[in-house]
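Enquirer: have a look; sequence and predicted model below, questions after that.
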Amino acid sequence: MIEVSTVLVPTAPKQIFVEKKQLTLESLRGRVIGFIDNAKPNFKDLVDDLEQILIAKYGARKVIKLRKRAASIPAPTAYIDQLAGACDLVITGSGD
């Protein structure tokens, strides 16, 4: 009798990006920038400061900030859907 083993590969599926753009700070004028805060200390403060700079200095139209419940969990699908539909650029981050 042949023994069968199951091997699990713990890798995420490959993501397919439809469009790839190179953005500069100057190209942010009129754009909507999203941030996913991973709930670690200090990231909220950093994003609040970045929001002011991106709008005042670089002319971003709007900044949308969403905060995860904890750093150890993925962002909710609703966050991804909301930001994908509303933003030109999304940045995820970590702070300590």
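Expert: It's in.
Enquirer: scan the chain for its longest helix.
Expert: helix 43-56 (DSSP state H).
Enquirer: roughly how far is that helix from the heart of the chain?
Expert: 15 Å (C-alpha atoms, centre = their mean, to the nearest Å).
Enquirer: likewise for stretch 42-59?
Expert: 15 Å.
Enquirer: do stretch 86-96 as well
Expert: Taking C-alpha atoms, centre = their mean, the mean C-alpha location of stretch 86-96 is offset from the chain mean by 3 Å.
Enquirer: quick thing: my sequence starts at 28, can you match it?
Expert: Taking 28 as the first residue, the last one we looked at is stretch 113-123.
Enquirer: residues contacting it, please?
Expert: The set of residues external to stretch 113-123 that reach it, using C-beta atoms under 8 Å, 6 or more residues apart in numbering, is 50, 55, 58-65, 67-74, 91, 98, 102, 110-111. For the C-beta atoms, the positions are set from N, CA and C on the backbone; glycine is no exception.
Enquirer: out of those, which are buried?
Expert: The neighbour-count test (16 or more other C-beta atoms under 10 Å) applied to these identifies 55, 58-65, 70-71, 74, 91, 102, 110 as buried.
Enquirer: now, which of those residues sits nearest Glu30?
Expert: Closest approach between the buried ones among the contacts of stretch 113-123 and Glu30, by C-beta to C-beta: Ala102, at 40.6 Å.
Enquirer: on the three-state scheme, the closest one is what?
Expert: coil (DSSP: H, G, I helix; E, B strand; the rest coil).
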